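**Q** Give me the fold of what follows.
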Amino acid sequence: MTGEHIEMTTAFVYEELASPCDKMDIQIFGKLFLPILYAIVFIIGLVGNFLVVFTIVRGGRQKSITDIYLLNLAISDLLFVISLPFWASYILHEWTLGNLSCQIVSSFYSVGFFGGMFFITVISIDRYLAIVRATFVVKARTVNHGYLISCAVWVLAILFAAPHYVFIQKTERKCTSLYPEHLEKIWPIFSHMETNIIGFLLPLCIMSFCYLWIIKTLRSCKTNRKKRAIRLILMVVVVFFLFWTPYHISLLLQVLKYYDIFETCSTLRILDYMIHVTEPLAFSHCCLNPIIYAFAGEKFRKYLSQLVLRCLSFICFCVPSRQCHDGGLTPIPEAGFTSNQTQNTSEQDGSVLL
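**A** The predicted structure is shown next:
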């Protein structure tokens, strides 16, 4: 649209800025591809994270502190992916819902984003304590402490997410930020930088520190699972870095636009295309969290298989018993997802890692 630039990022919704650069083709590109990519992330993320929540909740009474963190990470990712269909609809038809829906969806997205980042960080710290400092924190890593830390993380997520939804309002057919006049320039920059530093750079540094020490500790251990644990650690860090770094670089470049560093139309177009490409890549990380943090764990896989077999055994009550025996299904005894004894021994040999 000549004379009008519509900058689109899900994090900061739609914002109209005066610009002489024609970007109609970029808008068409976004309308064609972003809703499809959001739908894919939504479906995979919803199924994967819901399965994590269901498995942990149904996993018996005994939970470990790691289970609590995995549960809250999955809930954070669910909040995040729930907002994506609304943003996909917004791209196609603008905002057709009310002001309250605009605020709720924006808060779900922001809180889910920061909550996911913070719980990934907490899981890294917890694994560091369980393996590197095991003898000093064995009594401190209790389920009650896990609940308290999780509550604190949610409070922090809500506080740090506030700058991204506190000014959100529905105006005509748009769901956008309406800043007070004295904050029009500084607040968007602050929001972008907070996302870069608190939502990415700090978690990445903490993860790198914790997992480097874990790898160093595991290398000195004599265990058959050492190599597998180290490979999984590297996968966690490398996947996190590859999926989120391009997006946050794009956000950082968006900040520089406020200082008129990028003035040519071709440069501005490249920046917008970068956002469109890197954003879905970053969002798809929430689909991988269940695989990396839950399904890759031996204990989780075992209980998930037990849960499936229990469901199949329950179904057998609705059919003749001979068919159940022919299918080879036998009742699975009740078993908790983890026990304290299993938790302590597995964490010391590195199996708690994933």
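**Q** Quick one: mean pLDDT over stretch 138-146.
**A** In this model, stretch 138-146 has a mean pLDDT of 84.
**Q** how about the CA coordinates for it, as PDB?
**A** In PDB, the C-alpha atoms belonging to stretch 138-146 read as follows (Å, rounded to 0.1, in the frame of the first residue of the first chain):
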ATOM      1  CA  VAL A 138      19.500 -33.300  47.400                       C
ATOM      2  CA  LYS A 139      17.200 -32.200  50.300                       C
ATOM      3  CA  ALA A 140      16.300 -28.900  48.700                       C
ATOM      4  CA  ARG A 141      15.000 -30.400  45.400                       C
ATOM      5  CA  THR A 142      11.600 -31.300  46.700                       C
ATOM      6  CA  VAL A 143       8.200 -31.200  45.000                       C
ATOM      7  CA  ASN A 144       7.100 -28.400  47.400                       C
ATOM      8  CA  HIS A 145      10.000 -26.300  46.400                       C
ATOM      9  CA  GLY A 146       9.200 -27.000  42.800                       C
END
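**Q** Buried residues, the helix or strand harbouring residue 120. List them.
**A** According to DSSP states H and E, residue 120 maps onto helix 99-131. For helix 99-131, the neighbour count (16 or more other CB atoms under 10 Å) marks 102-124, 126-131 as buried. For glycine as for every other residue, the C-beta is placed from the backbone atoms N, C-alpha and C.
**Q** repeat for stretch 268-287
**A** Result for stretch 268-287 [16+ other CB under 10 Å]: buried residues 268-269, 271-287.
**Q** Pull the contacting residues for residue 237.
**A** 207-208, 211 (CB atoms under 8 Å, 6 or more residues apart in numbering).
**Q** got a pLDDT number for it?
**A** pLDDT, residue 237: 87.
**Q** Quickly note the distance from it to residue 206.
**A** Plainly put, residue 237 is 11 Å away from residue 206 if you go by CB to CB, to the nearest Å.
**Q** Past the helix or strand where residue 270 lies, which element shows up next along the chain?
**A** Using DSSP H and E, residue 270 sits within helix 265-283. Using DSSP H and E, the helix or strand that follows helix 265-283 in sequence is helix 285-289.
**Q** and that following helix, what other elements does it pack with?
**A** Packing contacts for helix 285-289, counted by 3 or more CB pairs under 8 Å, 6 or more residues apart in numbering; DSSP states H and E, involve helix 24-57, helix 65-93, helix 99-131, helix 226-257.
**Q** What are the contacting residues of it?
**A** 41, 44-45, 48-49, 73-74, 77, 80-81, 116, 120, 239-240, 243-244.
**Q** any idea of the angle the helix or strand just after it forms with helix 24-57?
**A** The helix or strand immediately downstream of helix 285-289 is helix 298-316, counting by DSSP H and E. Angle, helix 298-316 to helix 24-57, by axes from the mean of the first three to the mean of the last three CA atoms, to 10 degrees: 80 degrees.
**Q** Any idea how far the helix holding residue 120 is from the middle of the chain?
**A** Remark: helix 99-131 is offset 7 Å from the chain centroid, using CA atoms, centre = their mean, to the nearest Å.
**Q** With stretch 174-188 instead?
**A** Counting by CA atoms, centre = their mean, stretch 174-188 comes out at 26 Å from the chain centroid.
**Q** that older thread, so which other helices or strands are in contact with the next helix or strand after the helix holding residue 120?
**A** Counting by DSSP H and E, the next helix or strand C-terminal to helix 99-131 is helix 134-137. Applying 3+ CB pairs under 8 Å, 6+ apart, one finds that helix 134-137 makes contact with helix 99-131.
**Q** So, low pLDDT: which residues of the stretch 1-150 of the chain?
**A** Across the stretch 1-150 of the chain, residues meeting the criterion (pLDDT under 70) sit at 1-20, 60-61.
**Q** give me that answer again for 50
**A** Where the stretch 1-150 of the chain drops to pLDDT under 50, the residues are 1-19.
**Q** thinking again about what came up before, the inter-axis angle of the helix holding residue 270 versus helix 65-93?
**A** Going by the same axes, to 10 degrees, helix 265-283 makes 140 degrees with helix 65-93.
**Q** please renumber so the chain begins at 29
**A** From this message on, residue numbering opens at 29, which makes the last subject helix 293-311.
**Q** Residue 282 touches residue 223, doesn't it?
**A** No - Residue 282 lies out of contact with residue 223 (CB atoms under 8 Å); the separation is 10.2 Å.
**Q** Compare these two (neighbour count), which wins?
**A** residue 223 (26 against 22; other CB atoms under 10 Å).
**Q** where does the more buried one land in three-state SS?
**A** The three-state label for residue 223, taken from DSSP: H, G, I helix; E, B strand; the rest coil, comes out as helix.
**Q** What number of residues are in the vicinity of residue 83?
**A** The burial count for residue 83: 24, using other CB under 10 Å.
**Q** Quick check: buried residues in stretch 196-214?
**A** Buried, per 16+ other CB under 10 Å, within stretch 196-214: 196, 198, 202-205.
**Q** Same check on stretch 59-73?
**A** 62-63, 65-66, 69-70, 72-73.
**Q** Run the chain-centre distance for stretch 126-136.
**A** For stretch 126-136, the distance to the chain centre is 19 Å (CA atoms, centre = their mean).
**Q** likewise stretch 303-311?
**A** 14 Å.
**Q** Equivalent analysis for stretch 92-103, please.
**A** With CA atoms, centre = their mean, you get 13 Å for stretch 92-103.
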